[in-house]
Every structure is written in structure tokens, then in C-alpha cells.
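>>> Okay, predicted coordinates and the sequence, questions at the end:
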Amino acid sequence: MANTTATLHELVPLLFVDDISHSVAFYVDQLGFEMKLKWEPEGKLSWCRLERGNTALMLQLACLNEDGTAEERCTGISLFFNCDDAQKIYEELLSKGLSLEPPCVAFYGMNQLFLKDPDGYELCFQNQVEPH
């Protein structure tokens, strides 16, 4: 019997944001993402794809009538980025002026650094910790 299922290659979340320029500055200047694609109808940035390493996300300018408030959009949304070393990410972000709590190891063995983006989306950079 032939395999008829399609292969999935990537998951790229789309985050609706209130001020896309401010959000892009946060993700690019402070978190080290790079803008790879953008859509600028009438010369104004309305959507973009950002990448860092093997991760990507998209930002789109929110429309209050369609997309709700930032609080409504962010409720229940957390993005977890698996990385080599959350401590190194912490040090990198501190050097870029972010004020953060240091990463800590969760009971299930992940060293996790939590922060929120300008709209309130929760971000976590995490790495597996070797069992002792």
C-alpha cells in the first residue's frame, strides 16, 4: 500500500501585533532574528517573516476589529524555542539591554528562559539538562 500522507516540513507561527515596527525592532535588534520576507502595501510594513537559525515566525499588523486586543490575542499562546544553551541566550539578551530573570531548570529537566515580547506573547528559550 502506497504512503499517501504528505510530509510536514515546518511550523511557522503568525503573531498579530499592534506596532509592527516596534515588534520587528524587538525580534531583530534584541533577539537576533533576521527579516527574510516582508509585505509593504503602500510602502508600509504590514507583514514579515523573521528567522534565527532553524526557527521562524511571522508578524502581521493587527486589525482591532478582526484580530482583537493584544491581551485577547496573547492569551494561551507560548512559543518555546529549543536551543543549545538558555544561559548563553540569557547573557546575549542581557548584553542587548533586556532586563530578565535568569533561566531556571523545570522539574522535567529543561533549562528555561522566559520573557514576553512587546505585545505580551510569552517566549521561552530552553535546552535539555543532562540528568545528574
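Ah, there it is.

>>> okay, the residue lying closest to Q30 once chain neighbours are set aside: pLDDT?
Of all residues not flanking Q30 in the chain, K96 sits nearest, at 4.8 Å (C-beta to C-beta, 6 or more residues apart in numbering). Quick note: C-beta positions are derived from backbone N, CA and C, even for glycine. pLDDT, K96: 94.

>>> now swap in C74 and tell me
81.

>>> pretty sure it is in contact with P118, am I right?
No. Counting by C-beta atoms under 8 Å, C74 stays clear of P118, with 10.6 Å between them.

>>> picking that back up, burial check on the residue nearest to Q30, number of neighbours?
By the criterion of other C-beta atoms under 10 Å, K96 has 10 neighbours.

>>> And for the one 5 residues further on?
Other residues within reach of E101 by the criterion other C-beta under 10 Å amount to 9.

>>> For it, list the residues it contacts.
F114 (C-beta atoms under 8 Å, 6 or more residues apart in numbering).

>>> now it: how far from S21?
Counting by C-beta to C-beta, to the nearest Å, the gap from E101 to S21 is 27 Å.

>>> got the contact list for the lowest-mean-pLDDT helix or strand in the chain?
Ranked by mean pLDDT, DSSP states H and E, the helix or strand of the chain with the weakest confidence is helix 64-67, at a mean of 76. Helix 64-67 has contacts (C-beta under 8 Å, 6+ apart) with F16, R73.
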